[in-house]
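**Q** here is a sequence with its predicted model. Questions after.
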Amino acid sequence: MKEIRIHGRGGQGNVTLGEFLAEAAFAGGLYAQAFPMFGSERHGAPVTAYVRISDRPIRLRSQVYEPDHLIVQDMSLFAGNDLTGGLKEGALVVVNTSGPVGDLGIAEGFRVVGVPATELALEVVGKPIINTIMVGAFAGASGEIEMDALEKSVRERYPGELGEREIVAMRRAFEMVQGAVR
């Protein structure tokens, strides 16, 4: 079983990102679950979401304490927080950043990739919602999820022109990170 923890802020689409991952895994014949954890339900508040993917039925019903992968949609959450706590050695960390990943202060022993998701979202989609971009970057860096399944999930949730722009941005992120993991 692979476990993924997603950190972001309310309004960034953290829960939807987790759902995209779970839906794509399910479409690929795997078992999956996605669920959020948050305190105050307000825009801008820290939100954590979790995803589990397995080739067997998933009976575990708890938060993810030792994830295989980490997705961070808002790098300001690193300030004063140990987002890598419990993260397995060699885990993949995907971060929304336009700067060098070496500047993030993430310890050695993790595979880290950055993607300028906010800039890409503004350029391609026209608004700073980055969940599809981050899921595309995760798929490109991890190889855990198929792009075709992600595209299907995005089209179902965002039909029409918006969905097509989201897919263009997601594909660009996918291509951007391939081979770019530190």
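**A** Yes, it's here.
**Q** distance between the ends of stretch 94-113?
**A** Counting by C-alpha to C-alpha, to the nearest Å, you get 5 Å between the two ends of stretch 94-113.
**Q** which residues in the chain form helices?
**A** Per DSSP state H, the chain has helices spanning 14-27, 117-120, 131-142, 147-157, 161-177. These are given in chain order.
**Q** quick one, phi psi at Asn81?
**A** phi -130, psi 140 (degrees, to the nearest 10).
**Q** and for it, the neighbour number?
**A** 11 (other C-beta atoms under 10 Å). Glycine gets a C-beta too; all of them are placed from N, C-alpha and C.
**Q** can you check Ile106 too?
**A** Neighbour count for Ile106, taken as other C-beta under 10 Å: 20.
**Q** if we ignore the residues flanking it in sequence, what's nearest it?
**A** Val112 (5.3 Å; C-beta to C-beta, 6 or more residues apart in numbering).
**Q** got any ranges where the protein has weak pLDDT?
**A** Low-confidence segments of the chain, defined by pLDDT under 70: 38-42, 179, 181-182.
**Q** can you rerun that using 90?
**A** For the chain, applying pLDDT under 90 flags the ranges 9-14, 36-47, 61-63, 75-85, 99-109, 128-129, 144-145, 178-182.
**Q** so how far is Tyr50 from Leu120?
**A** 25 Å (C-beta to C-beta, to the nearest Å).
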